[in-house]
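Q: Need the 3D shape of this:
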Amino acid sequence: MRGPHTGGRLTIMLVLLVVSATGCAPCMAQETEIADRKVAESEWWKGAVDLPGMPSLDYVVVFRPTEAPGQYGATLDVPAQGAAGLPLIDVKFTKTEIAFTLGPPSNAVHTLTRSEDGRTATGQLAQHGMTFPMRMERITEEEAKTVGRKRSQNSKPAGLNRPQTPKPPFPYEQREATYENPSGRTQLAGTLTIPEGQGPHPAVILITGSGAQDRDETIFDHKPFFVIADHLTRNGIAVLRVDDRGVGGSSRGPADPTSADFAGDVRAGMAYLKKQTEIDGGRIGLLGHSEGGVIAPLVASGSNDVARIVMLAGTGVPGDQILRSQNEAALRAAGATPEQVRAVVDAYDVVLKCLKDGADDASLQAAVRELITAQLAAQSVQKKFSKEELDVMTRQGVAQFNSAWIRWFIAHDLRETLRQVKCPVLALNGSLDLQVMPKENLAAIEQAARAGGNTDVTVRELPGLNHLFQEAKLGTVAEYGEISQTISPKVLEEVTAWLRTRLGLS
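A: Reported below is the predicted structural model:
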């Protein structure tokens with residue numbers, strides 16, 4: 001979730017925004033002195049990591065010396081996803097080691113060992129109990145500008161074939177929005193689009209999926225929230241779309257937030273909209289994608305102010321089932337054998353049981369180590385890891401599972417929340433979604449909402465669409481960037497028609 005777009009996107013999408021990989025450096029004489037010299041320069045490193053069911057995703061880490069001798073700060077860019085300048089924590093940059101973490105809610109820990117000549121580094125990315133081999137190489141600042149911009153020889157550069165991205169002039173007002181979530185001590189920033197004509201207008205807040213997303217929910221140069229906002233606003237509905245914590249104009253806020261904390265950010269957005277004279281405070285709806293489809297019911301269940309909610313690829317079953325099915329689907333899509341898939345899923349079940357039962361540290365560490373071993377086998381990793389390396393990976397995995405975000409997600413049963421939602425609900429999932437399995441989740445959403453007495457519940461499985469609601473062939477993450485379509489026009493029309501009817505516009 002906040003994860004996994006990749007643009008999101010629940011856990012797998014979370015990985016997409018934090019990938020880290022391998023590298024090489026320029027001159028050996030310079031590299032061996034990095035941690036010791038008093039005067040240092042910024043360094044650009046290119047990386048990539050191989051994830052199940054998707055191609056390697058290039059990224060850039062920029063290491064910048066601080067005032068303290070031998071100490072570095074760092075930022076992460078993922079050009080294909082439109083992510084730039086993401087702050088990294090726990091940075092370690094010496095002649096032998098490279099380590100950094102993309103902080104909460106991503107909680108992606110990268111640990112690498114540099115080669116003797118300092119030109120390359122290999123290691124692993126650990127996130128929410130999953131571990132992936134990775135590598136990095138040093139590049140020049142000029143070379144960094146081209147990372148992620150070129151695809152294969154037979155495909156177009158990223159960003160040149162996204163025909164749905166809206167272009168000016170726009171027949172509506174765009175306004176920068178800034179406000180505070182006082183309970184979360186977080187400053188939030190976004191864009192409010194207001195339709196033409198006399199208001200007050202109904203409004204919708206867009207809620208992103210997993211990982212640190214910008215207000216457009218950018219992934220692989222696709223900007224689905226920009227497309228949705230443009231379409232809704234042209235059809236008479238004001239839209240507020242917002243940068244997630246730590247992205248764009250929004251502050252990071254307190255460490256280790258959960259989905260419940262993000263629900264507080266949405267409530268702050270509702271309070272902001274109610275202060276705008278052009279907005280009808282009694283007709284504010286929520287539209288959430290992936291993890292956003294979890295957050296929207298959270299907000300609606302505790303408030304009479306939410307007029308309508310739309311769940312795009314939202315979940316209905318408990319979080320532990322989501323993670324289990326995601327791992328299984330990703331491994332199958334990556335070509336793992338049935339035996340390998342079963343080994344990983346069984347190991348994952350043991351870890352989840354340890355977390356639910358409050359097992360001691362030794363039991364959890366043993367379970368995580370077994371999971372990592374099964375994952376490496378399923379990914380056909382050729383490298384033989386030493387006991388020390390496996391110990392590091394195990395500690396990182398345990399830390400991931402102990403994060404507040406993952407523990408909340410595993411423990412939370414959205415069905416209980418949905419029983420308390422009284423406003424109209426629209427839930428859509430694509431039949432090719434490999435991150436939120438459509439049949440089991442849609443059935444759970446409808447059953448839970450109706451069990452609470454809600455009579456206006458619409459659920460639909462849309463044929464041929466993936467997790468991003470693109471018209472796809474396989475539904476794998478690997479297709480997301482290769483498809484020129486950002487979101488199916490049929491989805492835009494269905495969501496718009498449903499909202500206009502229930503917001504009193506038609």
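
Q: This structure - how does it break down into domains?
A: What the record gives for the chain is the domain set 10-144, 174-318+412-502, from automatic domain parsing.

Q: how about JSON lines for the ones you listed, with distance to residue 400 added?
A: C-beta: built from backbone N, CA, C; applies to glycine. Listed next are the domains of the chain as JSON lines, based on distance: least, CB to CB, whole Å:
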{"stretch": "domain 10-144", "distance to residue 400": "5"}
{"stretch": "domain 174-318+412-502", "distance to residue 400": "12"}
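
Q: Quick one: these as TSV, columns for mean pLDDT, mean neighbour count and distance to residue 340 too.
A: TSV is the format used below for those (pLDDT from 0 to 100; neighbours: other CB atoms under 10 Å; distance: least, CB to CB, whole Å):
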stretch	mean pLDDT	mean neighbour count	distance to residue 340
domain 10-144	70	20	11
domain 174-318+412-502	95	21	17
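
Q: nearest to residue 397, of these?
A: Checking the domains of the chain against residue 397 by CB to CB gives domain 10-144 as the closest, at 5.2 Å.

Q: Which one of the domains of the chain lies nearest to residue 385?
A: domain 10-144 (8.3 Å).

Q: For stretch 365-375, the averaged confidence score.
A: For stretch 365-375, mean pLDDT is 90.

Q: Can you point out the buried residues in that stretch?
A: For stretch 365-375, the neighbour count (16 or more other CB atoms under 10 Å) marks 365, 367, 368, 369, 370, 371, 372, 373, 374, 375 as buried.

Q: ok, which stretches of the stretch 201-350 of the chain are strands?
A: Under the criterion DSSP state E, counting those that start in this stretch, the stretch 201-350 of the chain contains strands at 201-207, 238-242, 279-289, 306-312.

Q: So which elements touch the second one?
A: Using 3 or more CB pairs under 8 Å, 6 or more residues apart in numbering; DSSP states H and E as the contact criterion, the neighbours of strand 238-242 among helices and strands are strand 186-194, strand 201-207, helix 224-234, helix 259-274.

Q: which one of the ones you listed lies closest to residue 109?
A: With CB to CB as the yardstick, what comes closest out of these is helix 259-274 (20.6 Å).

Q: helices or strands next to that closest one in the packing?
A: Using 3+ CB pairs under 8 Å, 6+ apart, helix 259-274 sits against strand 173-181, strand 186-194, strand 201-207, strand 238-242, strand 279-289, helix 292-301, helix 404-411.

Q: Of all those, which one comes closest to residue 436?
A: Nearest to residue 436, of the helices and strands packed on helix 259-274 and by CB to CB, is helix 292-301 at 8.0 Å.

Q: how distant is the closest one from the center of its chain?
A: Chain-centre distance of helix 292-301: 17 Å, with CA atoms, centre = their mean, to the nearest Å.

Q: What residues of the single longest helix found in the chain count as buried?
A: Counting residues, the longest helix found in the chain (DSSP state H) is helix 338-357. With burial defined by 16+ other CB under 10 Å, the residues of helix 338-357 counted as buried are 340, 341, 343, 344, 345, 347, 348, 350, 351, 352, 354, 355.

Q: Contacts for it next, please.
A: Helix 338-357 has contacts (CB atoms under 8 Å, 6 or more residues apart in numbering) with 129, 320, 323-324, 327-328, 331-332, 336, 359, 363-364, 367-368, 370-371, 373-375, 377-378, 401, 407, 410-411.

Q: The same query, at a cut-off of 7 Å, please.
A: Here helix 338-357 makes contact (CB atoms under 7 Å, 6 or more residues apart in numbering) with 129, 320, 324, 327-328, 331-332, 363-364, 367-368, 370-371, 374-375, 377-378, 401, 407, 410.

Q: In helices only, show me the residues you listed.
A: Using DSSP H, the contacts of helix 338-357 in helices are 320, 324, 327-328, 331-332, 363-364, 367-368, 370-371, 374-375, 377-378, 401, 407, 410.

Q: List the beta-bridge partners for the spatially closest residue to residue 112 that is not a sequence neighbour.
A: Nearest residue to residue 112 in three dimensions, chain neighbours excluded: residue 123, at 3.2 Å (CB to CB, 6 or more residues apart in numbering). Note on residue 123: beta-bridge partners by DSSP bridges are residue 134.

Q: Would you check that residue 123 makes contact with residue 111?
A: Yes - Residue 123 is within contact range of residue 111, at 4.8 Å (criterion: CB atoms under 7 Å).

Q: what sits against the residue nearest to residue 112?
A: Applying CB under 7 Å, 6+ apart, the residues contacting residue 123 are 110, 111, 112, 113, 134.

Q: which of those residues lies closest to residue 295?
A: For the contacts of residue 123, the nearest to residue 295 is residue 110 (27.3 Å; CB to CB).

Q: Give the helix, strand or coil label for residue 142.
A: For residue 142, the secondary structure call by DSSP: H, G, I helix; E, B strand; the rest coil comes out as helix.
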